[in-house]
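Chemist: for reference, the sequence and a predicted model appear below.
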Amino acid sequence: MGSEPTLPPPLLPVATERLLLRTVVPGDRDAIGRYCSDPEVTRYLPFAALDQDGLTHRMERLVGGTAPQAVGEHLTLAVEHEGVLVGDLMLRFTAQHGPDDLPSIAELGWVFAPEHAGRGFATEAARALVDLAFTHYPLHRLVAQLDPRNLASARLCERLGMRHEAHTRQDYPDRDGSWSDTSVYGLLRSEWSQA
């Protein structure tokens, strides 16, 4: 019997000019809790502002996201600037195709503390994640799905070289009982390698 293909964990941490991307550890709870409990930060995210139980669940997920292997699994990275956690990033495998049965499509996600906004940290960190995604994993495509009202994330997608590919109407239930739209951005490996 053959064994399932496995993907090695990425070599971490990843250093950029100003940032350090590393695994999330339990000691990050307070810093992550500060921004993930802020209703303005989570306004367009797929989760509401977190209470202590919600934060416990999120931390378990983030700390466990170190070596994704299959669809639905994720890599989560804490983003530090000069020893201070300023946000976190996610890469989640969403599809696999081909005879090797390895992931081929992944979704990007991010959330950053508002007090560190406007300094380019999100762009610098997300670019490093895109590079890691395409250099370490056998991915064909990256996507980002966001509420179109989230203009900051839309601009970040554009700075990453992602193309706006779709706008689906009223396809996501909003927390107030209404429906919101979704914008889909995509980046192919061939586009990344040409950049």
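Modeler: Arrived safely. Numbering: from 1, shown residues only.
Chemist: other SSEs contacting the longest helix belonging to the chain?
Modeler: Counting by DSSP state H, the longest helix found in the chain is helix 121-136. Under the contact criterion of 3 or more Cβ pairs under 8 Å, 6 or more residues apart in numbering; DSSP states H and E, helix 121-136 touches strand 19-23, strand 74-81, strand 84-96, strand 103-112, strand 141-146, helix 151-159, helix 189-194. Just so you know, the C-beta spots here come from the backbone N, C-alpha and C atoms, and that holds for glycine as well.
Chemist: reformat these as JSON lines; add distance to P13.
Modeler: Formatted as JSON lines, these follow (distance: least, Cβ to Cβ, whole Å):
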{"stretch": "strand 19-23", "distance to P13": "4"}
{"stretch": "strand 74-81", "distance to P13": "8"}
{"stretch": "strand 84-96", "distance to P13": "12"}
{"stretch": "strand 103-112", "distance to P13": "17"}
{"stretch": "strand 141-146", "distance to P13": "21"}
{"stretch": "helix 151-159", "distance to P13": "21"}
{"stretch": "helix 189-194", "distance to P13": "22"}
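Chemist: give me the number of residues near T94?
Modeler: 16 (other Cβ atoms under 10 Å).
Chemist: now for it: which residues touch it?
Modeler: 71-72, 103, 105-107, 143 (Cβ atoms under 8 Å, 6 or more residues apart in numbering).
Chemist: repeat that with 6 Å
Modeler: 105, 107 (Cβ atoms under 6 Å, 6 or more residues apart in numbering).
Chemist: buried stuff in the longest helix of the chain?
Modeler: 121-122, 124-130, 132-134, 136 (16 or more other Cβ atoms under 10 Å).
Chemist: out of those, who's nearest P9?
Modeler: Among the buried residues of helix 121-136, H136 lies closest to P9 (Cβ to Cβ), at 9.0 Å.
Chemist: on the three-state scheme, P39 is what?
Modeler: With DSSP: H, G, I helix; E, B strand; the rest coil as the basis, P39 sits in coil.
Chemist: for it, what are phi and psi?
Modeler: phi -60, psi -30 (degrees, to the nearest 10).
Chemist: ok, now the one 3 residues further on?
Modeler: Backbone geometry at T42, expressed as degrees, to the nearest 10, gives phi -90, psi 10.
Chemist: right, I'll call it a day here.
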